[in-house]
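Trainee: got a predicted model here, sequence first, then my questions.
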Amino acid sequence: MSGMKLIDSHAHYDDKRFDDEFEGGVDAALRLSFDAGVDAVINVATNPENIKTTLALAERYENVYSAVGIHPEDCANIDADPEDVLAEVEKLLSHPKVVAIGEIGLDYHWEPYDKARQADWFERQLAIALKHDVPVIVHCRDAIGDAVAIVKKYRGVRGVFHSYSGSAETVKELLPLGWYFSFGGPVTYKNAHKVKEAAAAVPQDRLLIETDCPYLPPVPHRGEINYSAYMFHSLKGLSEATGIDEETLAAATVENTKRLFKI
Ligand SMILES: [Zn+2]
């Protein structure tokens, strides 16, 4: 596709669906993506089990990096003391392929959820990020008000709100604090007016692009397994939403991703 390059700032290639449903498995999905112009991938963990698989993947592929952390939905299933679990996460920050703590945050979408427990895990991980000056990848669904209030308590934390679904007003509130915003498949959805308005409010030097694969495939691939090669459709959607031409946008997102994650 016309020589443009992209970095996928948020993927889950260790998800079982790649081996079960993608022809050729995860290796084929990655090879096709690299061939299409995807220069690098940040694979993101959500719990202690897939921290191991995401690290294994990053060790196997030179241009796959890893984020390690505990997702707000996954924290509900962990019986161990958060302090012990997060001591392990903290140790992994010295791994040469670990570039961020993530994904962490709040998710009030599926009942039941425990707001206090999610906030506790989120805050502990933000504190670790601040201590080590490591960026964070924030997952936030139906909880933007609480998430903004929490990140404001940890001034100086750098990071990205991934698959951003908050408002343009909240973008303006987070920009002075240094936050980045990442967009993927949803920016191509016809009725995603709020996402497009939010993307338009983000300056060019704070935009990232992602798949969140195997989830959230862009138009015209809805219903399929998403993978990084499909990100060029999201680039087109993001270009239309922001008014920035695709080549400029591709180069900017690559530069922003490298700056934020120091890769
Ligand atoms: Zn994710």
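Mentor: Received it, and whenever you're ready, just let me know what you need.

Trainee: tell me what Asn43 is bridged to.
Mentor: On the basis of DSSP bridges, Asn43 is bridged to Ala11, Ser66.

Trainee: ok so Val41 is a helix residue?
Mentor: No - Val41: not assigned to a helix; according to DSSP: H, G, I helix; E, B strand; the rest coil it is strand.

Trainee: distance of it relative to Thr242?
Mentor: Between Val41 and Thr242 the computed distance is 23 Å (Cβ to Cβ, to the nearest Å). To be clear about C-beta, it is placed using only N, CA and C from the backbone, and glycine gets the same treatment.

Trainee: my read is that Trp179 contacts Gly156, right?
Mentor: No - look at Trp179 against Gly156 with Cβ atoms under 8 Å: they stay out of range, at 11.7 Å.

Trainee: between the two, which one's more packed in?
Mentor: Neighbours per residue (other Cβ atoms under 10 Å) separate Trp179 from Gly156, with Trp179 holding more: 23 against 10.

Trainee: what about that one, distance to Glu90?
Mentor: Trp179 sits 22 Å away from Glu90 when distances are taken as Cβ to Cβ.

Trainee: for stretch 56-63, C-alpha coordinates in CSV please.
Mentor: C-alpha atoms of stretch 56-63 as CSV (Å, rounded to 0.1, in the frame of the first residue of the first chain):
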residue,chain,number,x,y,z
ALA,A,56,7.5,-14.9,24.6
LEU,A,57,6.1,-13.3,21.5
ALA,A,58,8.3,-10.2,21.9
GLU,A,59,11.3,-12.4,22.4
ARG,A,60,10.5,-14.3,19.2
TYR,A,61,10.0,-11.2,16.9
GLU,A,62,12.5,-8.4,16.8
ASN,A,63,9.9,-5.7,16.0
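
Trainee: quick one: secondary structure of Ala100?
Mentor: Applying three-state DSSP to Ala100 yields a three-state assignment of strand.

Trainee: so it bridges to which residues?
Mentor: Taking DSSP bridges, one finds Ala67 as the beta-bridge partners of Ala100.

Trainee: is it in contact with Val157, as I believe?
Mentor: No - the pair Ala100 and Val157 fails to qualify as a contact (Cβ under 8 Å) at a distance of 11.2 Å.

Trainee: okay, now the unreliable bits of the protein?
Mentor: Judged by pLDDT under 70, the chain has its weakly predicted residues at 1-2.

Trainee: which elements pack onto the helix ranked longest in it?
Mentor: Once the chain is assigned using DSSP state H, the helix that runs over the most residues is helix 115-132. With contacts defined as 3 or more Cβ pairs under 8 Å, 6 or more residues apart in numbering; DSSP states H and E, the secondary structure elements packing on helix 115-132 are helix 82-92, strand 98-107, strand 136-141, helix 144-153.

Trainee: C-alpha coordinates for it, PDB please?
Mentor: The C-alpha coordinates for helix 115-132 follow below in PDB (Å, rounded to 0.1, in the frame of the first residue of the first chain):
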ATOM      1  CA  LYS A 115     -15.100   0.100  41.200                       C
ATOM      2  CA  ALA A 116     -13.000   0.300  44.400                       C
ATOM      3  CA  ARG A 117     -11.000  -2.800  43.400                       C
ATOM      4  CA  GLN A 118     -10.400  -1.500  39.800                       C
ATOM      5  CA  ALA A 119      -9.300   1.900  41.200                       C
ATOM      6  CA  ASP A 120      -6.900   0.200  43.600                       C
ATOM      7  CA  TRP A 121      -5.200  -1.800  40.800                       C
ATOM      8  CA  PHE A 122      -5.200   1.200  38.500                       C
ATOM      9  CA  GLU A 123      -3.600   3.500  41.100                       C
ATOM     10  CA  ARG A 124      -1.000   1.000  42.200                       C
ATOM     11  CA  GLN A 125       0.200   0.600  38.500                       C
ATOM     12  CA  LEU A 126       0.200   4.400  37.900                       C
ATOM     13  CA  ALA A 127       2.400   4.800  41.000                       C
ATOM     14  CA  ILE A 128       4.800   2.200  39.600                       C
ATOM     15  CA  ALA A 129       4.900   3.900  36.200                       C
ATOM     16  CA  LEU A 130       5.700   7.200  37.900                       C
ATOM     17  CA  LYS A 131       8.400   5.700  40.000                       C
ATOM     18  CA  HIS A 132      10.200   4.200  37.000                       C
END
